[in-house]
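Peer 1: Predicted model follows, preceded by the sequence.
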Amino acid sequence: MELKKIFSRDSLFSRKNNIIGIDFNNNAFKLVEIAHQVGGQKLLFCGESRISKGAMDTGYIKDQEKMFFVLEKIVTEAGDRLVGNQAVVAIPEGKVFIRVVTIPKIDENKIGEAIRWEAEANIPMSLDSVYYDWQLLEKKEKEIRVVVVASPKNLIDNYIDFFSKVGIEIVAFEAESIATGRSVIPIEKEGCSMILDIGREGSSIAVYENGVPVFTTSSSISGNSFTDSVMRKFGIKEEKAEKYKAKVGLGSTKAEKNEALKIYQPVLASLTNDVNKTIDFFENSLSGVKYNKIDEIIVCGGGANLKGLVEYLSAQVQKRTLRSNPWINFKGEKLCKTMNQERAQSYATAIGLALRNN
């Protein structure tokens, strides 16, 4: 099948002022469009579709025809609410290398060459096989600190090939952690924050310095881990287990809390251990960072909606812990009325991508 362009309509707004955030993995494709206008922003559309089996493989688009139908379903649902074609596309965190490097303070025209040398020493792939970029973190009297981000060329080229065929103009690629940080960390926030993003199949943990990720890792614990625990406990199917999880969470009454802790104890213990290990490593072992204490933990992703989880983690790790507000940096009108705070948790990355306007 020859793919057709489904993003070929004329925009109602200036195209350069509309950004579509595209976040997808092996299971779901999420799309958010925000219009950036003088005096504010407008959320024009948000939508998602499940990705059929075989369309993706370890982060790569394997079957373009299947992915086309996934995207076409979202575009059909959007109708005339989706008006642009310029997009910022997320790179899976597992396919991104993030390193903080320090170089001597030198002439600006030599910084690029110096960063290339540091990237070669710090990124576990040949620079010929990756695309990389960098962002300034801090200028000191005698040195400069930057964060370097790299991703495999064959992955980026794989995405470019597909999206160009369907009529999407990619204006930037961005690591999931960078986009999520833009969505849930207040712009004015200084210091060190951790984001725990609990997805359907896995979780990512990222530590940020003034809103920029400086360390990332992952956890095998996911939303499915909690669902599977309920299924095993009661011998029920996934649909009923999801309903129980949504209704009861970690419990409201003493009896519910006791039951929930029995059901989820191995999952909660593993997740807490992963968070504590990251905190300990960052605060006691990681070099090259400005701050050595994490101020707060922000929980996002669909798993953030599990009742009582934020309070449980706060008590276990002894850090200020809160559920994210993916709209904290959005200044404008939400035309997509179905996007409530609970649903927005799983859209945090896509929202952050669409908030980028440069």
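Peer 2: Sure, I can see it. Numbers count the residues shown, from 1 in each chain.
Peer 1: So, low pLDDT: which residues of the protein?
Peer 2: Low-confidence segments of the chain (pLDDT under 70): 1-4, 6-16, 335-336, 358.
Peer 1: so where's the longest helix in it?
Peer 2: Ranked by number of residues, the top helix in the chain under DSSP state H is helix 254-284.
Peer 1: for the helix or strand following that helix, packing partners?
Peer 2: Following helix 254-284 in sequence order, the next helix or strand is strand 296-300 (DSSP states H and E). Counting contacts by 3 or more Cβ pairs under 8 Å, 6 or more residues apart in numbering; DSSP states H and E, strand 296-300 is packed against helix 176-184, strand 192-198, helix 309-317, strand 320-323. In this view, the C-beta of every residue, glycine as well, is placed from N, C-alpha and C.
Peer 1: All the helices of the chain, residue numbers only.
Peer 2: So, for the chain - with DSSP H - the helices run 64-78, 108-122, 153-165, 176-184, 223-234, 238-248, 254-284, 309-317, 341-344, 348-355.
Peer 1: okay, these in a markdown table with mean neighbour count next?
Peer 2: A markdown table is the format used below for the helices of the chain (neighbours: other Cβ atoms under 10 Å):
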| stretch | mean neighbour count |
| --- | --- |
| helix 64-78 | 16 |
| helix 108-122 | 13 |
| helix 153-165 | 15 |
| helix 176-184 | 27 |
| helix 223-234 | 18 |
| helix 238-248 | 15 |
| helix 254-284 | 16 |
| helix 309-317 | 18 |
| helix 341-344 | 16 |
| helix 348-355 | 29 |
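Peer 1: would CSV of those with distance to residue 298 be doable?
Peer 2: Below are the helices of the chain laid out as CSV (distance: least, Cβ to Cβ, whole Å):
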stretch, distance to residue 298
helix 64-78, 27
helix 108-122, 27
helix 153-165, 27
helix 176-184, 5
helix 223-234, 17
helix 238-248, 21
helix 254-284, 12
helix 309-317, 10
helix 341-344, 13
helix 348-355, 9
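Peer 1: could I get the helices and strands packed on strand 296-300 as JSON lines with distance to residue 275?
Peer 2: Converted to JSON lines, the helices and strands packed on strand 296-300 look like this (distance: least, Cβ to Cβ, whole Å):
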{"stretch": "helix 176-184", "distance to residue 275": "15"}
{"stretch": "strand 192-198", "distance to residue 275": "6"}
{"stretch": "helix 309-317", "distance to residue 275": "6"}
{"stretch": "strand 320-323", "distance to residue 275": "9"}
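Peer 1: out of these, nearest to residue 260?
Peer 2: Of all the helices and strands packed on strand 296-300, it is helix 309-317 that lies closest to residue 260, at 9.4 Å by Cβ to Cβ.
Peer 1: angle of that closest one against strand 296-300?
Peer 2: Calculated by axes from the mean of the first three to the mean of the last three Cα atoms, to 10 degrees, helix 309-317 forms an angle of 150 degrees with strand 296-300.
Peer 1: if we can go back for a sec, figure out which of the helices of the chain is closest to residue 192.
Peer 2: helix 254-284 (8.0 Å).
Peer 1: Against which helices or strands is that closest one packed?
Peer 2: With 3+ Cβ pairs under 8 Å, 6+ apart as the test, helix 254-284 has strand 192-198, strand 203-209, strand 212-219, helix 223-234, helix 238-248, helix 309-317 packed against it.
Peer 1: Kindly state the domain boundaries assigned to this structure.
Peer 2: Annotated domains of the chain cover 15-92+153-188+326-355, 95-152, 203-323 [automatic domain parsing].
Peer 1: start to end distance for the second one?
Peer 2: Taking Cα to Cα, to the nearest Å, domain 95-152 runs 7 Å from one end to the other.
Peer 1: ok, now stretch 83-101?
Peer 2: In stretch 83-101, first residue to last residue: 40 Å (Cα to Cα).
Peer 1: Off-centre distance for stretch 321-340?
Peer 2: Relative to its chain's centre, stretch 321-340 lies at 15 Å (Cα atoms, centre = their mean, to the nearest Å).
Peer 1: List the buried residues in it.
Peer 2: Buried residues in stretch 321-340, counted by 16 or more other Cβ atoms under 10 Å: 321, 323, 324, 325, 326, 327, 329, 330, 334, 336, 339.
Peer 1: And the contacts of it?
Peer 2: When contacts are defined by Cβ atoms under 8 Å, 6 or more residues apart in numbering, stretch 321-340 is touched by residues 34, 37, 40-46, 81, 182-187, 195, 296-300, 304-305, 310-311, 313-314, 341, 344-345, 347-348, 351-352, 355.
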